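Participant: Sequence first, then the predicted structure:
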Amino acid sequence: MSRVHPAGGRHENVLPEEHPSPAPADLNDLAPLVWPRTAHREAGALSVGGVDVRDLAAEFGTPLYVVDEEDFRQRAREYAAAFSDGSVHYAGKAFLCGAVVRWLAEEGLGLDVCTGGELALALAAGFPPERITMHGNNKSADELVMGLEAGVGRIVVDSFEEIARLGFHAERLGLRPKVMIRVTTGVEAHTHEFIATAHDDQKFGFSRGSGAALEAVRRILALPQLELAGLHSHIGSQIFETDGFEVAAHRVAELLVAIRDEHGVVLPELDLGGGFGIAYVEGDEPIDAKLIADNMRDIVARECKAYDLPVPKLTVEPGRAIAGPGGITLYEVGTIKDVEGIRTYVSVDGGMSDNLRTALYGAEYTAGLVSRESVADPTLCRLVGKHCESGDIVVRDLWLPEDISPGDLVAVAATGAYCRSMASNYNHVTKPAVVAVRDGAARVIVRRETVADLLRLDMEVGQP
Ligand SMILES: Cc1ncc(COP(=O)(O)O)c(C=O)c1O
Ligand SMILES: N[C@@H](CCCC[NH3+])C(=O)O
């Protein structure tokens, strides 16, 4: 018997895959670290932020993104406390909406945006522009001008074209923005290839190894309308080991020395990016904010001491570590199909349009029946969506009670980051609402899209 050929040529005799982990002793248990901090079972059903998920489904419908506001705020505070004041810039790409912008402003964090759209949202929600960092490997002139005119705190430049373009518009507008240089440090982060960002063969930043980073320094220093404020490094995302961050910290600190030696300029800031891993499945050990802060600080301080440099301000940009663990996605079970001798396919009313990560990265998730408890035996399932795509998988291997039935609610944990923000309208499926729960109350923070919203985009241009 052979498995499916990777190129897709043979499709017969497909063996069921081995499940990596045995069924848990009690399917009703909520693995700690994976679920939001306020999550617990009450009368059998999951409660988050003091609200029963059955009430959430009844009031707001499914699929539904649910955010534990207290969880989000606590993690934001923990990062802010671990690093020094004003040095944590939440990465908005993880999940951004007006309410999140307000929570961040209240908790004293900065905000990293990487497109004009994210910037527009932050400004519309009243976020102080001086606390905004602008990222992006291909910022348009319009986006740069928008950032300049808004007075954003820092612009992280990512290419020689951008340095010239930014210089041109800053001079034209009579402004002198603070600029950081994104450096690719050559660190191979232990994560999925698509979310590793500091090796040389990818699109971000100026390579340190090739000398491009030092050339970027020369070009910026030649433009008096740009204020070179520091260096930036981001090695990738969903990283558990601290060693990659430590090597990156060491390498950018070395660059600070090279810049001082070549130009006599001492840069005041080092931004070491985000990427701190969270628990998606039992056994994942999230990086501790204080531990990573202490390690980074030690390395930079040691490096600076060795070369007689003042220690720069250390900043970071966590996204997932703040937004991820407090979010769950609530689905209603629909079709259930037993594929004889292989597995049970449990279909839910969403899928790859509200969570692309499984299809894109082979991401793993924890999920469970949450509208009731069950003592039925576990059966190996695959949780799939409603899209016209066989790769439309939400959770690849999942033990569910064998009495799982249409109408049951299933929740997927740790979906607070990179799910709503990467959602699509594939198959003209509408994006779910986002509801924040706290102290027993629930409120919509992003309304559900309607089919009318989608049709409007067609109808507004008139009929052919
Ligand atoms: C420049 C930059 N900063 C911060 C982040 C946030 O990463 P994470 O959500 O993994 O913390 C990213 C995304 O990987 C990024 O590209
Ligand atoms: N979108 C990715 C992370 C990449 C972040 C941007 N550099 C994820 O879901 O894990």
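Facilitator: Sure, I can see it. Numbering: from 1, shown residues only. Ligands and ions are numbered 1, 2, ... in the order given.

Participant: Quick one: list the elements packing against the longest strand along the chain.
Facilitator: In the chain, taking DSSP state E as the definition, the longest strand is strand 327-339. Here strand 327-339 touches helix 53-60, strand 64-68, strand 343-348, strand 409-412, going by 3 or more C-beta pairs under 8 Å, 6 or more residues apart in numbering; DSSP states H and E. For the C-beta atoms, the positions are set from N, CA and C on the backbone; glycine is no exception.

Participant: would a markdown table of the ones you listed with mean pLDDT be doable?
Facilitator: Supplementary listing: the helices and strands packed on strand 327-339 in a markdown table, determined by pLDDT from 0 to 100:
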| stretch | mean pLDDT |
| --- | --- |
| helix 53-60 | 98 |
| strand 64-68 | 99 |
| strand 343-348 | 97 |
| strand 409-412 | 98 |
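
Participant: what's the most buried one of those?
Facilitator: Mean neighbour count, computed with mean count of other C-beta atoms under 10 Å, is highest for strand 64-68 among those, reaching a mean of 28.

Participant: Give the rounded mean pLDDT of stretch 181-191.
Facilitator: Stretch 181-191 shows a mean pLDDT of 83.

Participant: Give me the distance from that stretch to the chain's centre.
Facilitator: On the basis of C-alpha atoms, centre = their mean, to the nearest Å, stretch 181-191 sits 17 Å off its chain's mean C-alpha point.

Participant: Then stretch 367-375?
Facilitator: Going by C-alpha atoms, centre = their mean, where stretch 367-375 is centred and where its chain is centred differ by 27 Å.

Participant: mind checking the end-to-end distance for that stretch?
Facilitator: Stretch 367-375 has an end-to-end distance of 16 Å (criterion: C-alpha to C-alpha, to the nearest Å).

Participant: what comes up buried for that stretch?
Facilitator: In terms of neighbour count (16 or more other C-beta atoms under 10 Å), stretch 367-375 has its buried residues at A367, G368, L369, V370, S371, R372, S374.

Participant: Export those residues to JSON lines and append columns for pLDDT.
Facilitator: Shown next, in JSON lines, are the buried residues of stretch 367-375 (pLDDT from 0 to 100):
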{"residue": "A367", "pLDDT": "98"}
{"residue": "G368", "pLDDT": "97"}
{"residue": "L369", "pLDDT": "98"}
{"residue": "V370", "pLDDT": "98"}
{"residue": "S371", "pLDDT": "98"}
{"residue": "R372", "pLDDT": "98"}
{"residue": "S374", "pLDDT": "97"}
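
Participant: Including distance to I235, could the helices and strands packed on strand 327-339 go into a markdown table?
Facilitator: Supplementary listing: those in a markdown table, determined by distance: least, C-beta to C-beta, whole Å:
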| stretch | distance to I235 |
| --- | --- |
| helix 53-60 | 36 |
| strand 64-68 | 27 |
| strand 343-348 | 34 |
| strand 409-412 | 27 |
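
Participant: and of these, who's closest to V437?
Facilitator: V437 lies closest, by C-beta to C-beta, to one member of those: strand 64-68, at 6.0 Å.

Participant: Just checking: what are the partner strands of that closest one?
Facilitator: strand 327-339 (antiparallel), strand 433-438 (parallel) (DSSP bridges).

Participant: what's the most buried one of those?
Facilitator: Among the strands paired with strand 64-68, the stretch with the highest mean neighbour count (mean count of other C-beta under 10 Å) is strand 433-438, at a mean of 23.

Participant: Figure out how far it is from the centre of its chain.
Facilitator: Averaging C-alpha positions (C-alpha atoms, centre = their mean) puts strand 433-438 18 Å from its chain's average.

Participant: Following element in sequence after that strand, please.
Facilitator: Remark: after strand 433-438, the chain's next helix or strand is strand 441-446, criterion DSSP states H and E.

Participant: list the buried ones in that next one?
Facilitator: Here strand 441-446 shows A442, I445, V446 as buried, counting by 16+ other C-beta under 10 Å.

Participant: same deal with stretch 146-162?
Facilitator: 146-148, 150, 152-159, 162.

Participant: Can you confirm whether it lies near ligand 2?
Facilitator: No - Stretch 146-162 is not in contact with ligand 2 by C-beta under 6 Å from any ligand atom; minimum separation 12.3 Å.

Participant: contacts for that stretch?
Facilitator: 110, 116, 119-120, 123, 129-139, 144, 163, 166, 169-170, 173, 175, 177-182, 204-206, 215-216, 219-220, 229, 232, 271 (C-beta atoms under 8 Å, 6 or more residues apart in numbering).

Participant: Having no further points to raise, I will conclude here.
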